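# could you work out the structure for the sequence below:
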Amino acid sequence: MDTPTDRRYSTEHEWALLEEDGTVRIGISAFAQDQLGDVVYVDLPAVGSKLSQSKQMGEVESVKAVSDLYSPVSGEVVDVNPSVVDTPELLNQDPYEKGWLVRVRPADIAELKNLLDAAQYDSLLAGP
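The predicted structure is shown next:
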């Protein structure tokens with residue numbers, strides 16, 4: 001799966017997409033879902049929760065392991081994807097669209113500059 005170029009990526013394999021309304025949609029990368037295997041449960045923060053960049057915001061449980069989710073930006077959760085909570089396998093099927101996790105009203109939009117672009121993220125995955 002190609003890495004979408006319209007978003008930024010954390011080294012922990014989450015992505016952040018700046019929406020037209022100024023919110024940031026957050027999800028996990030195709031690489032992350034592939035490493036996890038079949039996702040069976042997702043624990044996400046509630047609407048109104050305050051997130052801090054690079055700090056834990058939830059967990060994903062797969063048949064292989066439980067992995068922490070880290071927020072790529074600081075801000076307030078304004079929306080949680082109910083589809084991914086009810087149907088966690090959406091993370092495996094469509095991690096960049098239907099499998100998004102939360103939308104955040106960012107505290108500082110400049111934090112997006114701390115993240116990797118698609119080419120940098122692909123280089124990270126390729127290794128040294």
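
# what about the strands in the chain?
8-9, 14-18, 24-28, 39-43, 50-51, 56-62, 66-70, 75-80, 102-106 (DSSP state E).

# need the ones you listed in CSV (columns: mean pLDDT and mean neighbour count).
Placement of C-beta: from N, CA and C, glycine included. Below are the strands of the chain laid out as CSV (pLDDT from 0 to 100; neighbours: other C-beta atoms under 10 Å):
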stretch, mean pLDDT, mean neighbour count
strand 8-9, 98, 24
strand 14-18, 98, 21
strand 24-28, 98, 26
strand 39-43, 96, 17
strand 50-51, 98, 19
strand 56-62, 97, 18
strand 66-70, 96, 17
strand 75-80, 98, 18
strand 102-106, 98, 21
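
# who wins for proximity to residue 121 among the ones you listed?
Among those, the nearest to residue 121 by C-beta to C-beta is strand 8-9 (3.8 Å).

# tell me the contacts of residue 69?
14, 28, 44, 56, 57, 58, 59, 60, 101 (C-beta atoms under 8 Å, 6 or more residues apart in numbering).

# if I look at it, how far off is residue 43?
The spacing between residue 69 and residue 43, counted by C-beta to C-beta, to the nearest Å, is 8 Å.

# what is in contact with the two at once?
Both residue 69 and residue 43 are in contact with 58, 59, 60, where contact means C-beta under 8 Å, 6+ apart.

# so the last one sits against residue 44, correct?
Right, the one you point to is residue 60. No - look at residue 60 against residue 44 with C-beta atoms under 8 Å: they stay out of range, at 9.3 Å.

# nearest to residue 118, of the strands of the chain?
Between the strands of the chain, strand 8-9 lies closest to residue 118; by C-beta to C-beta that is 7.1 Å.

# so which elements touch the closest one?
With contacts defined as 3 or more C-beta pairs under 8 Å, 6 or more residues apart in numbering; DSSP states H and E, strand 8-9 has these neighbours: strand 14-18, helix 118-126.

# in CSV, list those along with distance to residue 3.
As requested, the helices and strands packed on strand 8-9 are exported to CSV (distance: least, C-beta to C-beta, whole Å):
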stretch, distance to residue 3
strand 14-18, 9
helix 118-126, 4
